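Novice: no FASTA, just this:
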């Protein structure tokens, strides 16, 4: 069962904790978080995996974007580096693709 949306289309999502990867630019909002643990949402959409910030301090949680906001570009979110590493799964649907 697909449990999330990206750009209004079906996507998979799960709540995870990641070690934040390397920022693509030193001015990216998450550059200072490299190497730290962070609550995130792992999203799989059209064969691509990416991460959205979902920390309690975040004013635009990723989980809200992919559920309530249907992944719409008009709903803000904060991306995390694609090379972030999942270290713990908080929640996932039973049929989440591995």
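Specialist: Noted; the coordinates are in hand. Bear in mind that the values here come from a model prediction, so they are computed numbers and not experimental data.

Novice: could you list the low-pLDDT ranges of the chain?
Specialist: Applying pLDDT under 70 to the chain picks out residues 1.

Novice: so in that sheet, which strands flank the longest strand seen in it, and in what orientation?
Specialist: Longest strand of the chain, by residue count under DSSP state E: strand 9-19. Looking at strand 9-19 with DSSP bridges, its partner strands are strand 4-6 (antiparallel), strand 37-45 (antiparallel), strand 85-91 (antiparallel).

Novice: let me have the ones you listed in TSV, adding distance to residue 65 and mean neighbour count as columns.
Specialist: No exception for glycine: its C-beta is placed from N, CA and C like everyone else's. Listed next are those as TSV, based on distance: least, CB to CB, whole Å; neighbours: other CB atoms under 10 Å:
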stretch	distance to residue 65	mean neighbour count
strand 4-6	9	21
strand 37-45	8	21
strand 85-91	16	12
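
Novice: of these, which is nearest residue 27?
Specialist: Taking CB to CB, strand 37-45 is the member of the strands paired with strand 9-19 nearest to residue 27, at 18.5 Å.

Novice: give me the contacts around that closest one.
Specialist: Here strand 37-45 makes contact (CB atoms under 8 Å, 6 or more residues apart in numbering) with 4, 6-7, 9, 11-20, 49-56, 61-63, 65-66, 71, 80, 84, 86-87, 90, 97.

Novice: continuing past that strand, what's the next helix or strand?
Specialist: Next along the chain after strand 37-45, taking DSSP states H and E as the criterion, comes strand 48-53.

Novice: so which other helices or strands are in contact with that next one?
Specialist: With contacts taken as 3 or more CB pairs under 8 Å, 6 or more residues apart in numbering; DSSP states H and E, strand 48-53 sits against strand 37-45, helix 62-66, strand 79-80.

Novice: indicate which one of these is closest to residue 29.
Specialist: That would be strand 79-80 among the helices and strands packed on strand 48-53, by CB to CB, at 8.7 Å.
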